[in-house]
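>>> could you look at this predicted model? Sequence included:
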Amino acid sequence: MALGGKEARENKTRYRKNGLNEEESYMVRNKLLLAAAILSGGAFASPAAAQSEQFIPILSYRTGAYAVNGVPYANGVADYYNLVNERDGGINGVKLLVEECETGYATDKGVECYERLKGKGPTGAAFFNPLSTGITFALTEKTTTDKIPIITMGYGRSDSKNGAVFAYNFPLLGTYWSAADIAIQHIAKELGGADKLKGKKISLLFHDSPYGKEPIPMLEVLAKKHGFEFTPIPVTHPGVEQKSQWLAIRQNRPDYVLLWGWGVMNGTAVKEAAAVAYPREKMIGVWWSGAEPDVTPAGDQAAGYKALMLQHGAGKFPVHADIEKYVYAKGKGLSEPDKVGEVLYNRGMVNAMLGVEAIRKAQEKFGKKPLTGEQVRWGLENLNLSDARIKELGFEGMLKPIKISCSDHEGARDGRVQQWDGKSWKVISDWYTANQANTEPLVKDVSAKYAAEKNIHPRDCSKES
Amino acid sequence: MLYREAGQFKTTYAEDMAIFPIHQDRIALAILLGIAFIGVPLLADFDIWPFGSDYLLRAILLPFLILALAAIGVNILVGYCGQISLGSGAFMAVGAYSAYKLGTGVHIPLAWLGFAISIPPLPVLLSILLGGLTAAVVGILFGIPSLRIKGLYLAVATLAAQFFFDWVFLRVAWFTNYAPSGSVNAPTLDFFGLNVGTPIERYMLCLIFVTVFAFLAKNLVRGNLGRQWMAIRDMDIAAELIGIRPLYAKLTAFAVSSFIIGVAGALWAFVYLGSWEPLAFSIERSLQLLFMVIIGGLGSIMGSFIGAAFILILPIMLNLLPTQLGVPLSTETITHLEFIIFGSLICYLLIKEPHGFARLISIGKEKLRLWPFPY
């Protein structure tokens, strides 16, 4: 044995002479070990964060079938946080620490990103904003356990408007049920009165996911109320195959087509509509189907297409001057400069601003320091932005006042309609406010069902402060 | 020296037929189980980095265990019985949705008969196992074509299962209890009055499932049934000639495989996701499971674990690495890099070792046996 061992060692030494010497091979090994250690261990280390920073995660998607819409939105969000740091030095001196995580609009990756980012920073994540209804559904229970609010501005679960049941969900500015109501209001106005809806045919072309299905129960309620014929037509993810759906539309000849699409699905829908000669003026997209990337691929064919506005539209407002001065002039902007002011970029900014203002509100109560998700939740629930404050923030003309409360996590439910003229979006309607008499029974009903399923005891909103 | 079975004499039949005949293998396995069952919970309990954070348990170990279980199921069908299946995602979905229906109470109104079938909500454990059983029945149904068609054509036939169930769970509102968005929530995880809520409890639950099923599968594949499957895989005509009934062998493979995949699907939905939609079990999931089995090694239980780790964890590591090293890259660059590196790693691995990690391990074992006198 001993002899054999020695022989082998000699063998190895001889072998090494041909290639690396012993020292070198140790170096190589050490480097490999280091790499392995970084791979296995370092990956879980939380970065040494300054103790006085507020951590805000961004779940975004800059790759995949939904990147066309995900990129401008994520840029708007990140640029606004950057602006707050550059211009104001953070929120009352508390700097914002931001980290992005790529979800690719996939639910399982979104959950992974959530777990990755929820504990970062001195106090953990302030809030999450997944920009995906599917991820919102998957996170709703987790965020409640972890006590981190989830902001779903203009998307997410419509029943989470009821804050008594969904303490940590905030579908700010409008749910899909509000959107459906606004869309039908606009159609009624175009037809010349709600009584004209009777006997009309309205189809919904929707992304076959929780996102696209969300408005269906509301539209069914409205169909019953107004007496129009409602047909939902699903489109499978990612939505580049719509031939058969548009054939069905051509056969059925609906008076209006509502579009609940996202990513490449929107552009495809507009092109297919042109292919079967369905008038684009009779198409109304939700506010996620009404941005520049949705219509530009279709070129001239898109002219006349209409979409709802989540209050704001495209264009530049006083806050954009600050963005250009403090962020882009310093070369810190993420977007191409000519895309600043696009619909989704602006929406990202609005979304980031509401989050920042919620933290500011929470700081009034809990002190000017990094806050936990639970404290930020209080800030969100007590958020109250007046016209004056919106003007101060530079968002005048983009937003109407918003006031959140325990029983109303939506805060505002206003919208307008815009039309693409081939070059830009033009606002073509007055303000609509979703009729709560239509939405509220459904909100009560569905949220009560969720509460029963999950053994949640709804909070008594009269006792919340 | 360290790994050599010389001198380990087997004096009884029981020893000779032991599941792990080599002493060193038993020790290694005991250490592995010790780490998994005692080490990880202890480390998590004492909050020792990185086990103290939820991230490792909830975002890495939990999905790894469940997908490894599913990969074992796929391996039985594809690796041991040689029936290529692209319907694994569908069988996971069947397991998940039937467990969901049984866990929340089944109500079938039979108006024309004047009565309704009602089953009260079943306990979670029972509904998960029954979910697996439903998947097994469905697996047998979709396995019937395998008696006539083989190879890639069978893959296409199982693809039909994938699209059929995608459609069923999207369209038939009864399966989602008429949820308006089509997204459903798992019932609370109560096991014998014990609520499984914290990450470590969920981890332990999945670990128990995976260990039990891995041992069962390991035993099954080296027994009578497993040998029948392998005979069918290697040459079905020859197998038939020596008296193996293809009908029985193929359908049992479909049944056992779908049962395990169905249980994994129920766990994926109940324990990992908590709230899900049919997209969680799309064709991409089927392909992911198939890749796990191919990379890990066809016809190897151990390979299923390694394949699951490679396909699931490596991309996450690649994604985390630049941020951890402080390299300022945008998330899109990181994601693209992740795809590039991961893709080239797969190519490299399959060129270097087409039989996957399991083969690498057995080569390693051979080398160890000869060590330190390689020739």
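The structure has been received and is ready for your questions.

>>> from now on I want contacts and neighbour counts done on CA atoms only, so please keep to that.
Fine.

>>> quick one: contacts for A:Glu112?
Residues in contact with A:Glu112 (CA atoms under 8 Å, 6 or more residues apart in numbering or on different chains) are B:Ala59.

>>> no, scratch that, I was asking about A:Leu117
A:57, A:99, A:124-125.

>>> first to last residue in stretch B:232-245, what's the distance?
For stretch B:232-245, the first-to-last residue distance is 9 Å (CA to CA, to the nearest Å).

>>> which parts of the stretch 201-350 of chain B are strands?
Under the criterion DSSP state E, counting those that start in this stretch, the stretch 201-350 of chain B carries strands at the ranges B:275-276.

>>> how about the stretch 1-150 of chain B?
Taking DSSP E, counting those that start in this stretch as the test, the strands found in the stretch 1-150 of chain B are B:106-110, B:115-119.

>>> in CSV: those strands, plus mean pLDDT.
Formatted as CSV, those follow (pLDDT from 0 to 100):
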stretch, mean pLDDT
strand B:106-110, 82
strand B:115-119, 83
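
>>> nearest to chain A, out of these?
Ranking those by distance to chain A, with CA to the nearest CA as the measure, places strand B:106-110 first at 14.7 Å.

>>> close to chain A, is the closest one?
No. Legend: contact between strand B:106-110 and chain A by CA under 8 Å from any CA of the partner chain is lacking; minimum distance shown is 14.7 Å.

>>> quick revisit: closest to chain B out of the contacts of A:Leu117?
Minimum distance to chain B across those is 9.4 Å, recorded for A:Glu99 (CA to the nearest CA).

>>> ok, and what's touching whatever helix or strand that closest one lives in?
Element membership for A:Glu99 (DSSP states H and E) is strand A:95-102. The contact list for strand A:95-102 (CA under 8 Å, 6+ apart) reads A:52-63, A:78, A:81, A:84-85, A:89-90, A:109-110, A:113, A:117, A:121, B:331-332, B:335.

>>> the same query, at a cut-off of 6 Å, please.
Residues outside strand A:95-102 that contact it (CA atoms under 6 Å, 6 or more residues apart in numbering or on different chains): A:53-61, A:85, A:90, A:113.

>>> partners of it, with directions?
As defined by DSSP bridges, the strand partners of strand A:95-102 come to strand A:53-60 (parallel).

>>> following the strand it pairs with in sequence, what is the next regular element?
Strand A:53-60 is succeeded, C-terminally, by helix A:67-88 (DSSP H and E).

>>> quick check: pLDDT value at residue 291.
Using chain A. We have a pLDDT of 93 for A:Ala291.

>>> let me rephrase: I mean chain B.
At B:Phe291, the model reports a pLDDT of 93.

>>> residues near it, how many?
Neighbourhood size, B:Phe291 [other CA atoms under 10 Å in any protein chain shown]: 18.

>>> still on that earlier bit, and the contacts of strand A:95-102 as a markdown table, adding neighbour count?
Listed next are the contacts of strand A:95-102 as a markdown table, based on neighbours: other CA atoms under 10 Å in any protein chain shown:
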| residue | neighbour count |
| --- | --- |
| A:Glu53 | 21 |
| A:Gln54 | 27 |
| A:Phe55 | 28 |
| A:Ile56 | 25 |
| A:Pro57 | 26 |
| A:Ile58 | 25 |
| A:Leu59 | 26 |
| A:Ser60 | 27 |
| A:Tyr61 | 30 |
| A:Asn85 | 19 |
| A:Gly90 | 19 |
| A:Cys113 | 23 |
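
>>> report the contact partners of the residue in the stretch 251-400 of chain A that chain B sits nearest to.
Nearest to chain B in the stretch 251-400 of chain A, going by CA to the nearest CA, is A:Leu334, at a distance of 9.5 Å. A:Leu334 makes contacts with A:Asn75, as judged by CA under 6 Å, 6+ apart.

>>> and the pLDDT for it?
The model reports A:Leu334 with a pLDDT of 90.

>>> which residues touch B:Trp371?
Applying CA under 6 Å, 6+ apart to B:Trp371 gives no contacts.

>>> for chain A, what are the low-confidence residue spans?
Along chain A, segments meeting pLDDT under 70 span A:1-51, A:465.
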